[in-house]
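Undergrad: Show me how the following folds:
(one chain, ligands or ions: 2)
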Amino acid sequence: FVVKTCSIETTLFSVKYVYSVVFENLLDRDTFSKSDPICVLYVQGVGNKEWREFGRTEVIDNTLNPDFVRKFILDYFFEERENLRFDLYDVDSKSPNLSKHDFLGQVFCTLGEIVGSQGSRLEKPIVGIPGKKCGTIILTAEELNCCRDAVLMQFCANKLDKKDFFGKSDPFLVFYRSNEDGSFTICHKTEVVKNTLNPVWQAFKISVRALCNGDYDRTIKVEVYDWDRDGSHDFIGEFTTSYRELSRGQSQFNVYEVVNPKKKGKKKKYSNSGTVVSLLMILVYFYFRTQINFTVAIDFTASNGNPAQPTSLHYMNPYQLNAYGMALKAVGEIVQDYDSDKMFPALGFGAKLPPDGRISHEFALNGNPQNPYCDGIEGVMEAYYRSLKSVQLYGPTNFAPVINHVARYASSVKDGSQYFVLLIVTDGVISDMAQTKESIVNASKLPMSIIIVGVGPAEFDAMVELDGDDVRVSSRGKYAERDIVQFVPFRDYIDRSGNHVLSMARLAKDVLAEIPEQFLSYMRARGIKPSPAPPPYTPPTHLLQTQI
Ligand SMILES: *[C@@H]1O[C@H](CO)[C@@H](O)[C@H](O)[C@H]1NC(C)=O
Ligand SMILES: *[C@@H]1O[C@H](CO)[C@@H](O)[C@H](O)[C@H]1NC(C)=O
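TA: Residues are numbered from 1 along each chain as shown. Ligands and ions are numbered 1, 2, ... in the order given. You can find the predicted model right below:
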C-alpha cells in the first residue's frame with residue numbers, strides 16, 4: 001500500500017492553501033445604511049519588510065458580516081514565517097485608491113498561525129481604530145488538492161553562441177516560473193558545463209508547484225548564460241515553454257530556439273543563439289511505504305434480531321446474503337485492495353460464546369485468538385457465518401474493547417511503517433458511548449483510523465456523533481487529536497429490495513473518503529516524510545480516484 005502525497009522536504013515543496021475570509025460585526029461607518037466592505041490582503045516581503053498588496057476581495061454591499069466569495073491562494077512555505085495583513089475598508093465610491101474610503105480596521109497574522117490552528121481556522125479581533133470594537137475576522141485555510149508531484153527533467157543544448165575569448169562557453173540554465181501578475185520567480189539553476197557549445201546538463205528534480213504552481217499552461221521562462229568567474233555571467237539567450245509543452249517528451253516540439261532579443265533587434269540575419277532540447281521529463285511521485293493492517297469487527301448483539309427470523313440483520317438465509325453479509329462483502333472488497341497480504345484479523349463483539357456462555361466483546365471470528373487472521377474477505381465471510389451458528393447474540397453493544405484491541409497493536413508501531421484501520425460493522429445501537437469516545441480520543445494519537453459501517457434502519461445519531469465531522473470527538477474535556485472516524489450508513493447504497501448495492505463506486509469513495517487525510521494528518525503530526533519512488537510508476541486507479 002502506498003500513498004501518493006506531497007512532500008514537505010524542502011521549501012520548494014510548499015503546500016498551496018486557499019484562504020477564505022469572513023468577518024463578523026464590523027464597525028458601521030455609513031449613516032443611513034450599513035458598510036460596504038472590501039478586504040485587502042498585504043504580504044510582507046522577506047527582505048525589505050515592505051507590505052505588498054496581494055489581492056482584494058469583491059465589495060459586498062450593505063453588510064456588517066461579509067462572507068467574501070473571492071479567495072486568496074497563497075503558497076505556504078513551512079520554514080518561512082510569512083506575515084499577512086488584512087485591511088478592511090468601507091467602499092464609498094468607485095475609486096481604486098484605498099485612501100479615499102473609510103478604514104474599518106485591520107488584522108495581522110502569519111500563514112503558519114492560520115494553518116496551525118485547530119481545523120486551520122483562526123478567529124481574531126479586528127484592531128486599528130483606537131477605542132472602538134471593530135469586530136472579528138475568521139480565516140480558514142484549505143489545502144489545494146493538486147500537483148503534489150515532482151518532475152525529473154534533463155536538458156541539452158546545441159550550437160550555443162561562443163562567448164569566451166579563449167575557449168568556447170561555460171553554459172548553464174536558469175528556470176523561472178511566472179506569477180499571477182506577470183512577474184517571474186527563479187525556481188531552478190542547473191550546474192555549469194565547462195567549455196562547450198553543446199552541453200548536456202545533469203537531470204534534476206523539481207516540484208510541479210515550484211515549476212509552475214501546479215498550472216500546466218503557465219509560462220516557464222528559461223535563460224541561458226555563459227558562466228564567468230567574476231559573476232558577470234553573459235546572457236546567451238532565452239526561451240519560454242510550459243509544463244504541458246515540456247511533458248510532450250522528446251520530440252520536435254521539445255526543441256527550443258534560444259533567442260537573444262538584443263541581437264535579434266540589431267542583426268537582420270540573426271536567427272538564434274543555439275537550441276535547447278528537453279531530453280527527459282518524468283513525473284516522480286512521493287510515497288509513504290506503509291503497510292496497512294485492516295481489522296474487521298462485527299456486531300453480534302441481540303438488537304440485530306434473531307438470526308432464525310427473516311427480519312434479523314443476521315438472518316441465516318442459505319440462498320441470499322443477509323444485511324451484514326452484503327455490507328461486509330461490499331466494503332471488504334473495497335478495503336482489501338489496500339492490504340497487501342489480504343489477511344484480515346476479524347473480531348466479533350457482544351456475543352455469548354460456547355462452551356461456558358461467557359460474554360465477549362473481542363473474540364476471534366475464526367475461534368483462534370492467537371491467529372485471528374482470515375484469508376481475504378471470503379475468509380472473513382466464512383468465519384462470520386460459522387460464528388453465527390456457534391455463538392449466541394447477546395449484548396451490550398460495546399465498541400471500546402475492539403477499538404482498544406487494535407490500539408494496543410497500533411501503539412507499538414509509531415514510525416509510520418504500519419497504519420491500522422478498524423472496520424466496525426454494526427446496527428448502531430451503542431451502549432458504551434462514553435468509553436468509546438475515550439477510546440477514540442486515545443486512538444487519535446496512534447497510527448489508526450476507524451470506519452463504521454451502519455447496517456439496518458436505525459437513526460445512527462450516535463454514529464454520526466462519533467464520526468466527528470461537525471464537532472471533534474471529546475472525552476472528559478480532552479479533544480481527539482485528529483478526526484479518525486468515518487461513518488457510512490450502508491442503506492444509502494442499496495436498492496429498495498435491500499439485495500443489491502446500487503453503486504460500488506460511490507460506496508468505495510465514501511468509505512475511503514477520509515482515510516487518506518487521516519493517514520496524512522498522522523504522518524504530518526509525527527513529522528514522518530514520504531520518499532520519492534523510482535519512476536516509472538503508474539499509480540493504481542483507486543489511488544487516483546480517491547485523490548490521495
Ligand atoms: C490616493 O489618494 C490620496 C489622498 O486622497 C493621495 O494622496 C494619493 O496620492 C492617491 N494615490 C494614488 C495612487 O492615486
Ligand atoms: C494487525 O492488527 C491486529 C489487531 O487488530 C493484530 O492481531 C495483528 O497482529 C496485526 N498485524 C500486524 C502484522 O501487526
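
Undergrad: Return the set of buried residues in stretch 192-208.
TA: For stretch 192-208, burial by neighbour count (16 or more other CB atoms under 10 Å) applies to 192, 193, 197, 199, 201, 204, 206, 207, 208. C-beta: built from backbone N, CA, C; applies to glycine.

Undergrad: how distant is that stretch from the center of its chain?
TA: 33 Å (CA atoms, centre = their mean, to the nearest Å).

Undergrad: that older thread, so which of the buried residues of stretch 192-208 are in strands?
TA: 204, 206, 207 (DSSP state E).

Undergrad: Please report the distance of the first one from ligand 1.
TA: In this structure, residue 204 and ligand 1 are 42 Å apart, going by CB to the nearest ligand atom, to the nearest Å.

Undergrad: Which strand residues bridge that residue?
TA: residue 153 (DSSP bridges).

Undergrad: right, and it touches residue 187 too?
TA: No: at 10.9 Å, residue 204 does not count as touching residue 187 under the criterion of CB atoms under 8 Å.

Undergrad: Across the sheet, point out what pairs with the residue lying closest to residue 302 once chain neighbours are set aside.
TA: Using CB to CB, 6 or more residues apart in numbering and skipping residues adjacent in sequence, the residue nearest residue 302 is residue 393, 4.6 Å away. On the basis of DSSP bridges, residue 393 is bridged to residue 351.

Undergrad: Tell me the confidence at residue 393?
TA: Note for residue 393: predicted pLDDT of 96.

Undergrad: mind listing what it touches?
TA: 300, 301, 302, 304, 306, 307, 314, 350, 351 (CB atoms under 8 Å, 6 or more residues apart in numbering).

Undergrad: shaky segments in the stretch 101-250 of the chain?
TA: Within the stretch 101-250 of the chain, the segments meeting pLDDT under 70 span 115-116, 119, 142-149, 180-181, 249-250.

Undergrad: what about the strands in it?
TA: 102-110, 121-125, 136-143, 150-158, 171-178, 184-189, 204-207, 220-226, 234-241 (DSSP state E, counting those that start in this stretch).

Undergrad: could the ones you listed go into JSON lines alongside distance to residue 339?
TA: Below are these laid out as JSON lines (distance: least, CB to CB, whole Å):
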{"stretch": "strand 102-110", "distance to residue 339": "41"}
{"stretch": "strand 121-125", "distance to residue 339": "34"}
{"stretch": "strand 136-143", "distance to residue 339": "27"}
{"stretch": "strand 150-158", "distance to residue 339": "28"}
{"stretch": "strand 171-178", "distance to residue 339": "40"}
{"stretch": "strand 184-189", "distance to residue 339": "39"}
{"stretch": "strand 204-207", "distance to residue 339": "30"}
{"stretch": "strand 220-226", "distance to residue 339": "41"}
{"stretch": "strand 234-241", "distance to residue 339": "43"}
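
Undergrad: In JSON lines, list those strands along with distance to ligand 2.
TA: Shown next, in JSON lines, are the strands of the stretch 101-250 of the chain (distance: least, CB to the nearest ligand atom, whole Å):
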{"stretch": "strand 102-110", "distance to ligand 2": "41"}
{"stretch": "strand 121-125", "distance to ligand 2": "34"}
{"stretch": "strand 136-143", "distance to ligand 2": "30"}
{"stretch": "strand 150-158", "distance to ligand 2": "31"}
{"stretch": "strand 171-178", "distance to ligand 2": "44"}
{"stretch": "strand 184-189", "distance to ligand 2": "42"}
{"stretch": "strand 204-207", "distance to ligand 2": "33"}
{"stretch": "strand 220-226", "distance to ligand 2": "46"}
{"stretch": "strand 234-241", "distance to ligand 2": "48"}
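
Undergrad: Could you export stretch 96-106 as PDB, keeping only the C-alpha atoms?
TA: The C-alpha trace of stretch 96-106 is given here as PDB (Å, rounded to 0.1, in the frame of the first residue of the first chain):
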ATOM      1  CA  PRO A  96      -9.500  52.100  -6.600                       C
ATOM      2  CA  ASN A  97      -7.500  54.400  -4.300                       C
ATOM      3  CA  LEU A  98      -8.000  53.000  -0.900                       C
ATOM      4  CA  SER A  99      -7.200  56.200   1.000                       C
ATOM      5  CA  LYS A 100     -10.500  57.600  -0.500                       C
ATOM      6  CA  HIS A 101     -12.500  55.000   1.500                       C
ATOM      7  CA  ASP A 102     -13.300  54.700   5.200                       C
ATOM      8  CA  PHE A 103     -10.900  52.500   7.100                       C
ATOM      9  CA  LEU A 104     -12.700  49.800   9.100                       C
ATOM     10  CA  GLY A 105      -9.700  48.200  10.900                       C
ATOM     11  CA  GLN A 106      -7.000  45.500  10.200                       C
END
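
Undergrad: which outside residues touch it?
TA: 26-27, 29, 35, 37-38, 40, 85-93, 95, 126-129, 132, 134-135.

Undergrad: In ChimeraX, select just the buried ones from those residues.
TA: To isolate the buried members of the contacts of stretch 96-106 in ChimeraX, using 16+ other CB under 10 Å:
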select :26,27,29,35,37,38,40,85,86,87,88,89,90,91,126,128,134,135
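
Undergrad: got the residues of this structure near ligand 1?
TA: For the chain, the residues in contact with ligand 1 (CB under 6 Å from any ligand atom) are 97, 99, 100.

Undergrad: Which of these has the largest number of neighbours?
TA: Among those, residue 100 has the most neighbours (other CB atoms under 10 Å), with 12 neighbours.

Undergrad: quick one, phi psi at that one?
TA: Main-chain torsions, residue 100, degrees, to the nearest 10: phi -90, psi 0.

Undergrad: What pLDDT is listed against it?
TA: 89.

Undergrad: again with residue 361
TA: 96.

Undergrad: I figured it hits residue 398, correct?
TA: Yes: if you go by CB under 8 Å, residue 361 and residue 398 touch, sitting 4.7 Å apart.

Undergrad: Are there residues contacting both of the two? Which ones?
TA: Residues touching both residue 361 and residue 398 by CB under 8 Å, 6+ apart: 349, 350.

Undergrad: Which residues of the stretch 401-548 of the chain lie near ligand 2?
TA: Applying CB under 6 Å from any ligand atom, we find that the stretch 401-548 of the chain lies next to ligand 2 at 405, 406, 409.

Undergrad: Write a PyMOL command that selects only the buried members of the contacts of residue 393.
TA: Selecting only the buried entries of the contacts of residue 393 in PyMOL, with 16+ other CB under 10 Å as the criterion:
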select buried, resi 300+301+302+304+307+314+350+351
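
Undergrad: Good, wrapping up.
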